[in-house]
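Q: I'd like to go over a predicted model; first the sequence, then the structure.
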Amino acid sequence: MPLAYYVTHPQVQIDAAIPVPDWGLSEVGRARAHAMLNQPWIASIGRVVSSGERKAIETAEVLARHLGLEVQVRERMHENDRSATGFLPPAEFEVVADRFFANPHESIRGRERAIDAQQRIAGEIQAVLDEGSAGDIAFVGHGGVGTLLLLWLSGAGISRESDQPAGGGNYFAFDIAARRVLHGWQPIDRLP
């Protein structure tokens, strides 16, 4: 049974002067990405596919180097488009994220609608899966669209109830053939 793992980048180096897609991993984030290599499922990965955002690519590169694979970048796997507002302080970000998930058919402060982000990430994941793989696939991306993907695979409505735990650096697994979620979010650096 071929599996896919959706992995979110861990902690980033926040810099309000740099566009959010260009943020890289923090020291804590890099350490957690390397700790991920101890997960038992890592050895089964035959393909690593990443969002084009720097923090996702840096996470994917840790995994790909360990496995002797190349990172395949898919630009449409990016996080929900927040360019209308750019960086928001954490408290304000959480308020906007709550509204994003609670009102999926509305653009919150000019940002991409949740329903559009969900269709985009689901379509991009589907396109990659249709290409096939020798081994399991690791998708490396972001918490917002990752949650939307998890909800889509589960057949659940859009809500924040299934959002990843704070801080990022989590993963969920799904059966590729059945498009069925095997388990929800788990930290990348905690062994089962």
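A: Noted; the coordinates are in hand.
Q: send the alpha carbons of the lowest-mean-pLDDT helix or strand in the chain over as CSV?
A: Lowest by mean pLDDT, DSSP states H and E among the helices and strands of the chain is helix 90-102, with a mean of 95. This file holds the C-alpha atoms of helix 90-102, laid out as CSV (Å, rounded to 0.1, in the frame of the first residue of the first chain):
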residue,chain,number,x,y,z
PRO,A,90,1.2,36.7,15.9
ALA,A,91,-1.9,37.7,17.8
GLU,A,92,-3.4,39.4,14.7
PHE,A,93,-2.3,36.5,12.5
GLU,A,94,-4.3,34.1,14.7
VAL,A,95,-7.4,36.3,14.5
VAL,A,96,-7.2,36.4,10.7
ALA,A,97,-6.5,32.6,10.5
ASP,A,98,-9.6,32.0,12.6
ARG,A,99,-11.7,34.0,10.2
PHE,A,100,-10.0,32.3,7.2
PHE,A,101,-11.2,28.9,8.4
ALA,A,102,-14.6,30.0,9.6
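Q: Return the list of helices and strands in contact with it.
A: Using 3 or more Cβ pairs under 8 Å, 6 or more residues apart in numbering; DSSP states H and E as the contact test, the elements touching helix 90-102 are helix 143-154. (Glycine included, C-beta is placed from N, CA and C.)
Q: what is the mean pLDDT for the helix it packs on?
A: Helix 143-154 shows a mean pLDDT of 98.
Q: any idea how far the very next helix or strand once past that helix is from the chain center?
A: The helix or strand immediately downstream of helix 143-154 is strand 170-175, counting by DSSP states H and E. Strand 170-175 sits 10 Å away from the centroid of its parent chain (Cα atoms, centre = their mean, to the nearest Å).
Q: Okay, now the sheet partners of the top strand by length along the chain, with direction.
A: Counting by DSSP state E, the longest strand found in the chain is strand 180-187. With DSSP bridges as the test, strand 180-187 is paired with strand 170-175 (antiparallel).
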